[in-house]
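Peer 1: quick one, structure for this:
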Amino acid sequence: MSNNLIDLIALGENKTLEFKESLPRNESIAKTVIAFSNTSGGRLIIGVNDSREIVGINEDNLFELQDKIASIVSDHCAPTILPEIYTLYVEGKLLLVIEVFRGNLLPYYLKHHGRDTGVYVRLGATNRQASSEMIQEMERQRLHQSFDEQIAWETPLSDLDLAPIEEAFSGAGKPLDTAKLYSLKLIKHEQGEDHPTHGLLILLGKYEHVEIKCARFKGTNMAVFLDKKEYTGDLFSQLAQTELFIKNHLHLKAEILGLQRTETYEIPIPAIREALVNAVVHRDYSNFGRDIKVGIYDDALNIVSPGGFPNGVTLDEVLAGRSEIRNKVIARVFKELGYIEQWGSGLGRIRELCQEMNSPIPIISETGDFIDYLFMRPDEQPTQTAIETHPDSGSIGGSIGGSIGGSILLSERQKAILQCLKDDPNLSYRTLAQRLDINDSALKKHINKLKEIGLLERVGGTRGHWQVNG
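Peer 2: Numbers count the residues shown, from 1 in each chain. Coordinates of the predicted model:
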């Protein structure tokens, strides 16, 4: 357990982990416990400083400390939360761990603030006050309901043209009769008549926020548009039009196989299609102020879907195949039509499709309240350098390096990031982004990748410096 905890601490604070050097004030503890309970659970570790150094706590007043934490949680949090409070010796120092599990009485809140303003959620490594839309979503989760299953009372069923859905089912060789509309919960019978659900209106694209905004930018940031489209209407046509937009802005590469010449796109279209379907099926439709965005840059294709993973699921769990469905109606329809092969396979399939085509593995991340798919364009690969590492010495060939065995391919962008940080280890994210003329999102993905493969490390937290290994 202690070795595992050391590994977790080394990774830094995240959605399920928070550090404090000493016991924080009462409300701060309560907010963290509430945020963990409302999101994915997590651990608050007392005795670790901002630099991720294990400093430990004083053993003399340990029992009083545990009692105080239990009292704070009991006095400040509602409904009742029962965290596990225990100690661990790590590297000869005592740590106090407050472990919280995701609750089933959502939403949890600060008693003295009430449900309207006292609900907190975990976004990344921070606790954020929940919006009214988030609170409503938590209430639906407690009742095992989804937004798209609920009746859209304001819209009469007779006002809707079901042709786009009927055509989609007809194209799949499946009938769509009234019984099927009921079983898929596209319509519900209440108060003596049939009503559409939000799911039906979403599939037909009847809400303003049900759209996909696409843009091709010049260079690697959003300063200059080269092309821009906004697709509305039913979800099936939105997906088709978005795929066509992406194809129009990707390069084709030709291969001679035997006597035949074949052309393929620089990023596998099946992987892109899978990411788009994931974005459409699993996004948060209950928040009417956001939409799906697709950005194509010189070095990347970026798909951003509003809403983090549902029901407190973490990225690791999703990649391992765990399936949690936010939009049950939309998911059922897409499964019925063959857009979804099997539950929980989406993200893994995206990675597999890229591996099969020898394309860079996309970076999939939960950034705040969004899911981000970043496909790096391999156009830069002819200028990539294969850097051989020597695990026995921890050094590599060239001026920029790492300390892991094997062969690492770095893009020109990644090499430029490492060189800048080697020249000036105190550069901030903003200054680095400006110097390289790159948007913040793409820079973060590059840096996370460099950290992942061991070439880059942040020493000393936000007030620290960058360390280039090698």
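Peer 1: distance of the nearest residue to Ala78 once chain neighbours are set aside from His144?
Peer 2: Nearest residue to Ala78 in three dimensions, chain neighbours excluded: Lys111, at 4.8 Å (CB to CB, 6 or more residues apart in numbering). C-beta coordinates here come from the backbone N, C-alpha and C atoms, glycine included. Note on Lys111: its distance to His144, by CB to CB, to the nearest Å, is 26 Å.
Peer 1: can you check Ile272 too?
Peer 2: Distance from Ile272 to His144, by CB to CB: 33 Å.
Peer 1: quick revisit: you'd agree the residue nearest to Ala78 is up against Thr80?
Peer 2: No. In this structure Lys111 lies outside contact range of Thr80 using CB atoms under 8 Å: 10.8 Å.
Peer 1: thinking again about what came up before, which of Lys111 and His144 has more neighbours?
Peer 2: Set side by side, Lys111 and His144 show more neighbours around Lys111, with 14 against 9, by other CB atoms under 10 Å.
Peer 1: how about the more buried one, what does it touch?
Peer 2: Asp75, His76, Cys77, Ala78, Gly118 (CB atoms under 8 Å, 6 or more residues apart in numbering).
Peer 1: so the second one sits right up against Leu110, yeah?
Peer 2: Okay, so that is His76. Yes. With contacts counted by CB under 8 Å, His76 reaches Leu110, the gap being 5.8 Å.
Peer 1: now for the two: what residues contact both?
Peer 2: Joint contacts of His76 and Leu110 (CB under 8 Å, 6+ apart) are Glu27, Ala30.
Peer 1: returning to what we had before: tell me which two of the contacts of Lys111 sit farthest apart.
Peer 2: Asp75 and Gly118 (13.3 Å; CB to CB).
Peer 1: more neighbours: which of these two?
Peer 2: For Asp75 versus Gly118, the count of surrounding residues by other CB under 10 Å is larger for Gly118: 21 against 12.
Peer 1: C-terminal to the helix or strand Gln355 falls within, what's the next element?
Peer 2: Assigned by DSSP states H and E, Gln355 belongs to helix 346-356. Proceeding N to C from helix 346-356, the next assigned helix or strand is strand 363-367, under DSSP H and E.
Peer 1: could you point out which element follows that following strand?
Peer 2: Following strand 363-367 in sequence, per DSSP H and E, is strand 370-376.
Peer 1: sheet-wise, list the partners of that following strand with their directions.
Peer 2: strand 300-306 (antiparallel), strand 363-367 (antiparallel) (DSSP bridges).
Peer 1: pull the distance from it to the chain's centre.
Peer 2: 8 Å (CA atoms, centre = their mean, to the nearest Å).
Peer 1: neighbouring contacts of that strand?
Peer 2: Taking CB under 8 Å, 6+ apart as the rule, strand 370-376 contacts 267, 271-272, 275, 278-279, 282-283, 299-309, 350, 354, 359-360, 362-366, 411, 441-442, 445.
Peer 1: just the buried ones from those?
Peer 2: The neighbour-count test (16 or more other CB atoms under 10 Å) applied to the contacts of strand 370-376 identifies 267, 271-272, 275, 278-279, 282-283, 299-309, 350, 354, 359-360, 362-366, 411, 441-442, 445 as buried.
Peer 1: returning to what we had before: in strands, which of the contacts of Lys111 appear?
Peer 2: Among these, the ones falling in strands (DSSP state E) are Cys77, Ala78.
Peer 1: ok, Phe169 - contacts?
Peer 2: Pro175, Leu176, Lys180, Glu336, Leu337.
Peer 1: and for Val329?
Peer 2: Counting by CB under 8 Å, 6+ apart, Val329 has contacts Ser146, Asp148, Glu149, Leu184, Lys185, Leu186, Thr197, His198, Gly199, Leu200, Ile202, Leu203.
Peer 1: so what's it closest to, chain neighbours aside?
Peer 2: Per CB to CB, 6+ apart, closest to Val329 is Gly199, 2.8 Å.
Peer 1: which elements pack onto the strand or helix carrying that neighbour?
Peer 2: Using DSSP H and E, Gly199 sits within helix 198-203. Helix 198-203 makes packing contacts with helix 163-171, helix 328-336 when contacts are defined by 3 or more CB pairs under 8 Å, 6 or more residues apart in numbering; DSSP states H and E.
Peer 1: and the pLDDT at the residue most central in space within the chain?
Peer 2: Residue closest to the average C-alpha location in the chain (CA atoms, centre = their mean): Glu366, at 1.8 Å. In this model, Glu366 is scored at 88, pLDDT.
Peer 1: what of Thr462?
Peer 2: 53.
Peer 1: and if you look at Gly397?
Peer 2: So Gly397 comes in at 31 (pLDDT).
Peer 1: then Thr389?
Peer 2: 34.
Peer 1: where in the stretch 151-300 of the chain is pLDDT low?
Peer 2: The stretch 151-300 of the chain contains residues with pLDDT under 70 at 254-261.
Peer 1: helices along that one, start to end?
Peer 2: 163-171, 178-183, 198-203, 235-248, 269-282 (DSSP state H, counting those that start in this stretch).
Peer 1: ok, back up a step: my read: the residue nearest to Val329 touches Lys188, true?
Peer 2: No. Between Gly199 and Lys188 there is no contact under CB under 8 Å: 10.1 Å.
Peer 1: of these two, who's got more company?
Peer 2: Gly199 (26 against 18).
Peer 1: any idea how far the more buried one is from Asn448?
Peer 2: Taken as CB to CB, the span from Gly199 to Asn448 is 35 Å.
Peer 1: also Ala125?
Peer 2: Counting by CB to CB, the gap from Ala125 to Asn448 is 13 Å.
Peer 1: next: Glu336.
Peer 2: 37 Å.
Peer 1: just Arg458 next, same as before
Peer 2: Arg458 is 11 Å from Asn448, by CB to CB.
Peer 1: so for these two, which sits in the more crowded spot?
Peer 2: Arg458 (17 against 13).
Peer 1: now do the host helix or strand of Tyr120: which elements does it pack against?
Peer 2: If you go by DSSP H and E, Tyr120 is part of strand 120-123. Applying 3+ CB pairs under 8 Å, 6+ apart, one finds that strand 120-123 makes contact with helix 26-38, strand 126-129.
Peer 1: and those, which is most packed in?
Peer 2: Among the helices and strands packed on strand 120-123, the stretch with the highest mean neighbour count (mean count of other CB atoms under 10 Å) is helix 26-38, at a mean of 23.
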